[in-house]
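Asker: Any chance you could fold what I've pasted below:
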Amino acid sequence: MKTKPKLLIITPRKFAKTTEMIIEEAGELFYLVVAPIDDIIISIDNKRLKLEYDGRDITKVDYVLPKIDSKRAVYGFEIINAFDAFPVPKPYHAATILVAHDKFLTSIVLAHSNIPVPKTHIVKTKKAFESIRSNIKYPLMAKLKGGSGGQGIMYVENKESMESIISSMEVLKEEILIQEFIENPGEDIRVLVAGDNVIGSMKRIAKDGEKRANVKAGGTPAKYTATDEVKDISIRAAKAVGADICAVDLIESRKGPVVIEVNINPGLVGLTAATNFNIAKRVVEYVYDVTTRHNKRV
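Answerer: The predicted structure follows:
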């Protein structure tokens, strides 16, 4: 009887619906180990690095699938950084966590790879804001660097509102991203990338009176077939940030598609509803394929 490869899923203790979907599908192909992020222990013992959960060595697996949310990005980085010392395949290295959970770093990395992104500034003080005032146009989007699920995103109609936001951020000692507003019908595109392929795509349509199209912000998932241009940009964006599996969010502008975010912990519920496909199964099958190819080489 063929032995199933061992899949480690690193996740918050309270499973998201997407994690439940992946666990359900993965049980068919893998022997599963599910480790809550907060309960993983990283140790250095006699110059030897160890990662343990519940007294077990969790490096003796065939694939690591992290489901790390923005709240746990720092410890998630430390865990994946430790895993980088072991020859276990996973969808990204630790550096990708730092990039993907920071919207401005993401924009820098994408721009360096010649991938279209909105015009963006990052400021922390009123003085810094004053120096770019003449270069910005209203309305615009103001974003926190680490927001997710549509949180920390504000539609700003005028300079008075922007000045109020800057004042609040200055008190909190937080940076704020000031990004051009791209006129569109209130929708964006989400593309799920796995390796060199797109395995799912949808449009997200904002609810009335809302500028954010995220499903968590009340947006509605809708059927959409990605164009070759959107596929190419999405795959290049994933490679630029170093993610083998991720979602790429885009907006159609007058000049063509622009990338607004790369999400290394994407939800699959909306994509599943929009496509009528078992997206979790596609992700698991891709992970199984990567695992099988890796095990044949070692």
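Asker: how about the helices in this structure?
Answerer: 17-26, 73-83, 94-100, 103-112, 126-132, 159-172, 228-241, 269-275, 279-297 (DSSP state H).
Asker: Leaving out the residues flanking it, which one is nearest to residue 66?
Answerer: Computed as Cβ to Cβ, 6 or more residues apart in numbering, the closest residue to residue 66 that is not its neighbour in sequence is residue 10, at 4.6 Å. C-beta: built from backbone N, CA, C; applies to glycine.
Asker: Output the helices of the chain as a markdown table; include the columns mean pLDDT and mean neighbour count.
Answerer: Converted to a markdown table, these look like this (pLDDT from 0 to 100; neighbours: other Cβ atoms under 10 Å):
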| stretch | mean pLDDT | mean neighbour count |
| --- | --- | --- |
| helix 17-26 | 98 | 19 |
| helix 73-83 | 97 | 18 |
| helix 94-100 | 96 | 21 |
| helix 103-112 | 95 | 19 |
| helix 126-132 | 90 | 14 |
| helix 159-172 | 88 | 14 |
| helix 228-241 | 99 | 19 |
| helix 269-275 | 97 | 21 |
| helix 279-297 | 97 | 17 |
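Asker: nearest to residue 57, of the ones you listed?
Answerer: helix 73-83 (12.2 Å; Cβ to Cβ).
Asker: helices and strands around the closest one, which ones?
Answerer: strand 41-45, strand 48-53, strand 63-66, helix 94-100 (3 or more Cβ pairs under 8 Å, 6 or more residues apart in numbering; DSSP states H and E).
Asker: in the shortest one, what's buried?
Answerer: Read it as strand 63-66. Counting neighbours by 16 or more other Cβ atoms under 10 Å, one finds that the buried residues in strand 63-66 are 63, 64, 65, 66.
Asker: what sits against the second one?
Answerer: Contact criterion Cβ atoms under 8 Å, 6 or more residues apart in numbering gives 8, 10, 80, 83, 88, 89, 90 as the residues in contact with residue 64.
Asker: ok, what's across the strand from it?
Answerer: With DSSP bridges as the criterion, residue 64 is bridged to residue 8.
Asker: quick one: low-confidence ranges for the stretch 101-250 of the chain?
Answerer: Scanning the stretch 101-250 of the chain for pLDDT under 70 picks out 146-150, 208-218.
Asker: returning to what we had before: out of the helices and strands packed on helix 73-83, flag the one nearest residue 281.
Answerer: Using Cβ to Cβ, the nearest of the helices and strands packed on helix 73-83 to residue 281 is strand 63-66, at 14.0 Å.
Asker: and the chain, what are its domains?
Answerer: 6-98+281-297, 120-180, 184-263 (automatic domain parsing).
Asker: could I get those as JSON lines with distance to residue 105?
Answerer: Shown next, in JSON lines, are these (distance: least, Cβ to Cβ, whole Å):
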{"stretch": "domain 6-98+281-297", "distance to residue 105": "7"}
{"stretch": "domain 120-180", "distance to residue 105": "8"}
{"stretch": "domain 184-263", "distance to residue 105": "9"}
